[in-house]
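1. Only the shape, not the letters, is given here:
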């Protein structure tokens, strides 16, 4: 189990009561560019709108569809965080990368998912869902491709490679996702380090890359990974107290690094 480090006694007590796994974070984070939170990227089927929510949560709007990745409360807790991810209509597609509480919340999914929402998750998450949510969920394994809610996607590997971190995200359990949105390939990494498979992940236009210790990787390692697979646009997320300005400097001209306020 991971441990949450957050500010405020009441928040800490609530977090400790939430036992489905957590992340080491602080609400005190390094300075980032204070640009508008919503970005737009042109695709073959209109603009893709990218809305950072918090930590690892993001909402994508494209071609009349709403796609939500890893919706939870943050800091993680036992209540629903659906309000942070709601739109005028329920999401068409919800992607869950893995079972830890900063990425996965049954109360949030229960309130957020509508009658036609499709949830995509790894098998480990499916087994933790109540029957009503299992009925909405499609299980994907690493390497599988499918189209759900009109969105072509691929589940890719997501795991730790450093010896002392292997316990956090074992190989084969969790998913990252590559979505094809109007000809743009968008990658949501979840919690991972650079792996042999991900070092050559091809033709990524937009990538969401984590960096925090001890659960994912250092800023230097994340920057080296970006230099290896060379996505066009990179959003550092799930960064907690990591120095994202250093990350941008290390990446240099390899990719466009967009810093947004996730905390």
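-> Noted; the coordinates are in hand. Given the structure is predicted, the values throughout are model-derived calculations rather than measurements. Residues are numbered from 1 along each chain as shown.
2. At which residues are the strands of this protein located?
-> 39-43, 46-54, 57-62, 65-69, 93-95, 118-121, 137-139, 145-148, 151-156, 176-181, 184-188, 206-210, 233-237, 256-257 (DSSP state E).
3. how about those, which one is nearest residue 105?
-> strand 57-62 (9.9 Å; CB to CB). The C-beta positions use only the backbone N, C-alpha and C, and glycine is treated the same way.
4. The closest one: how far from the chain's middle?
-> Centroid displacement of strand 57-62 relative to its chain, using CA atoms, centre = their mean, to the nearest Å, is 10 Å.
5. who does that strand touch, helix- and strand-wise?
-> Counting contacts by 3 or more CB pairs under 8 Å, 6 or more residues apart in numbering; DSSP states H and E, strand 57-62 packs against strand 46-54, strand 65-69, strand 176-181.
6. would CSV of the strands of the chain with distance to residue 221 be doable?
-> CSV is the format used below for these (distance: least, CB to CB, whole Å):
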stretch, distance to residue 221
strand 39-43, 25
strand 46-54, 22
strand 57-62, 22
strand 65-69, 22
strand 93-95, 24
strand 118-121, 27
strand 137-139, 30
strand 145-148, 28
strand 151-156, 18
strand 176-181, 16
strand 184-188, 17
strand 206-210, 10
strand 233-237, 12
strand 256-257, 15
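7. Mean neighbour count, distance to residue 78 and mean pLDDT added to these, as JSON lines?
-> Converted to JSON lines, the strands of the chain look like this (neighbours: other CB atoms under 10 Å; distance: least, CB to CB, whole Å; pLDDT from 0 to 100):
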{"stretch": "strand 39-43", "mean neighbour count": "15", "distance to residue 78": "32", "mean pLDDT": "96"}
{"stretch": "strand 46-54", "mean neighbour count": "18", "distance to residue 78": "17", "mean pLDDT": "97"}
{"stretch": "strand 57-62", "mean neighbour count": "22", "distance to residue 78": "17", "mean pLDDT": "97"}
{"stretch": "strand 65-69", "mean neighbour count": "24", "distance to residue 78": "20", "mean pLDDT": "98"}
{"stretch": "strand 93-95", "mean neighbour count": "26", "distance to residue 78": "19", "mean pLDDT": "98"}
{"stretch": "strand 118-121", "mean neighbour count": "24", "distance to residue 78": "20", "mean pLDDT": "98"}
{"stretch": "strand 137-139", "mean neighbour count": "17", "distance to residue 78": "21", "mean pLDDT": "98"}
{"stretch": "strand 145-148", "mean neighbour count": "12", "distance to residue 78": "29", "mean pLDDT": "98"}
{"stretch": "strand 151-156", "mean neighbour count": "20", "distance to residue 78": "28", "mean pLDDT": "98"}
{"stretch": "strand 176-181", "mean neighbour count": "22", "distance to residue 78": "26", "mean pLDDT": "98"}
{"stretch": "strand 184-188", "mean neighbour count": "23", "distance to residue 78": "25", "mean pLDDT": "98"}
{"stretch": "strand 206-210", "mean neighbour count": "25", "distance to residue 78": "24", "mean pLDDT": "98"}
{"stretch": "strand 233-237", "mean neighbour count": "24", "distance to residue 78": "23", "mean pLDDT": "98"}
{"stretch": "strand 256-257", "mean neighbour count": "18", "distance to residue 78": "35", "mean pLDDT": "98"}
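8. From the chain's centroid, how far away is stretch 46-54?
-> Remark: stretch 46-54 is offset 13 Å from the chain centroid, using CA atoms, centre = their mean.
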